[in-house]
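[1] What would the 3D arrangement of this be:
(one chain, ligands or ions: 1)
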Amino acid sequence: MSRVLEAELTWSGAEFAPHVQVVVDADGRIAEVGTLGRPDAARLPRVALLPGFVDAHSHAFQRGLRGRGEAFPAGAGSFWSWREAMYALVDSLDHDSMRRLSARAFAEMRDAGITTVGEFHYLHHEREGDFALDDAVIEAAADAGIRLVLLYSYYATGAPGRPLEGAQRRFATPSPDGFWRQVDRLAGVLAPHTQTLGIAPHSIRAASPSEIRLLHGEACRRGLPVHLHVEEQRREIEESLAAYGRTPMALILEAVEGQPFTAVHCTHTSDDDMERFLASGGSACLCPLTEGNLGDGIPRLSRAHAAGGRLAIGTDSNNRLAMLEEMRWLEYGQRLRDELRGALPDPAGNVAPTLLDAATAGGARALGIPAGRIARGCWADFAAVDLDAPALAEVPRERLLEGLVFGAGSEVIAGTFVGGKWRGRGER
Ligand SMILES: [Zn+2]
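    Got it, this is the predicted structure:
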């Protein structure tokens, strides 16, 4: 049965408008939007509806690292020293702890206004070959009621030409043929209206160019999105140059024959490679809070953005789960690097709509799902903003988006709808 919602304000894509009604059908999709004047609408007073945020890159279990790896008695740390702490956590997890940690992360995501997670899932095994942790993630997403795009990771080597070692053996996937058999098994256990698949060759460290070519070709044939970690660290580029004589981005672009994919991070990607990547129709997924925590660096986005860059945002290591913070730090990183304000403006000079687009429609595009907009045919996934929240007091309606993005945190999120189903902030 369909139902009708009418919030005090609804984001139209350009402004917060009053008197907008949204009709949600029985499957949880938006059947109609507009000033419909339906008398049977459920009113949401003092609430502004935004499209639910789309977290395009997460490793949910890494929420278990909170508080660890933040002391440096032996001197400065790095991504690589952090990775040792992450591997220690990997070694300790079983199906139940993986499900518990992931469900907690997903529930906290909903409290931050996130309604879809692109879970880049590479930790497959409790015991060698069992794939028990794949099911744990799928169950956790259902527990939290978050929309899941399971980006199923292919992981074959520890570095170009090097076998998996230690904790990495828990990431192992078989040959591309065996990998697709596992994808087929998972397709059979996903929830029909809230869970879909994509694939994620982990990085050029974990998959060879020829494997990426095979995997990407089959994913295109099946209509699945493809995500890879690309050039987060300078060492990844150095190893790739030593092994293949090319940068990771150049190798991947060649392997996918100019077809689109989502590149996560692009922290050290050259301007030329970035331009070629964007010309191919790809999306760049940035993870500002994680990149800051890990000391990765700041990508040069201004040229890419000016060229019509398609941006998405991920919470990645989930050390802090706060999408409004991710949005403002996407802009702040550029401001700090370039010593200017207004680094990612839209044609009218507004920054907040660019950041909101990255956190909603840009992420949905990267994940291949109809979401991220309050529009007919999209999933009825919304973030409900509390207009009485102190952080928004006296912010005029025409500047509410800026007030949210630059002046508020997750405490202004009253709750979320996923497929039209409500969950209040903090409800479990
Ligand atoms: Zn990642």
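[2] Show the contacting residues for Val33.
    Shown in contact with Val33 (C-beta atoms under 8 Å, 6 or more residues apart in numbering): 10, 20-23, 374-376. Using the backbone N, CA and C atoms, a C-beta is placed for each residue, glycine as well.
[3] same deal with Thr173?
    124, 153-156, 179, 182.
[4] quick one: which two of those are the most distant?
    The most widely separated members of the contacts of Thr173, counting by C-beta to C-beta, are Ala156 and Gln182 (13.3 Å).
[5] who's more crowded, those two?
    Neighbour count, other C-beta atoms under 10 Å: between Ala156 and Gln182, Ala156 has more, with 20 against 16.
[6] Hmm, Ser210 and the more buried one touching each other?
    No - the criterion here is C-beta atoms under 8 Å, and Ala156 misses it with Ser210 at 11.0 Å.
[7] which residues in the stretch 151-300 of the chain form strands?
    Taking DSSP state E, counting those that start in this stretch, the strands of the stretch 151-300 of the chain run over residues 195-201, 227-230, 262-265, 283-286.
[8] To Glu427, which of the ones you listed lies closest?
    Shortest distance between Glu427 and these, using C-beta to C-beta, is found for strand 195-201: 20.9 Å.
[9] now what about that closest one, what contacts it?
    Applying C-beta under 8 Å, 6+ apart, the contact partners of strand 195-201 are 118, 120-122, 138, 141-142, 147-154, 183, 186-187, 190, 207, 211-212, 215-216, 219, 224-228, 367-369.
[10] switch to 7 Å and redo it
    Identification of contacts with strand 195-201 by C-beta atoms under 7 Å, 6 or more residues apart in numbering yields 120, 138, 141, 148-154, 183, 186-187, 190, 207, 211-212, 215, 219, 224-228, 367-369.
[11] Please flag which of the residues you listed sit within helices.
    Using DSSP state H, the subset of the contacts of strand 195-201 located in helices is 138, 141, 183, 186-187, 211-212, 215, 219, 367.
[12] Format those as TSV; extra columns: neighbour count and pLDDT.
    Listed next are the ones in helices among the contacts of strand 195-201 as TSV, based on neighbours: other C-beta atoms under 10 Å; pLDDT from 0 to 100:
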residue	neighbour count	pLDDT
Ile138	21	98
Ala141	27	98
Val183	22	97
Leu186	18	97
Ala187	15	97
Glu211	19	97
Ile212	25	97
Leu215	24	97
Ala219	23	97
Leu367	28	98
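[13] nearest to Ala408, of those residues?
    Distances from Ala408 to those, taken by C-beta to C-beta, are shortest for Leu367, at 25.3 Å.
[14] And for the closest one, nearest residue in space, chain neighbours not counted?
    Val149 (4.3 Å; C-beta to C-beta, 6 or more residues apart in numbering).
[15] wait, doesn't that neighbour sit right on Ala371?
    No - counting by C-beta atoms under 7 Å, Val149 does not reach Ala371; the two are 9.5 Å apart.
[16] which residues are in contact with both of those two?
    Joint contacts of Val149 and Ala371 (C-beta under 7 Å, 6+ apart) are Thr116.
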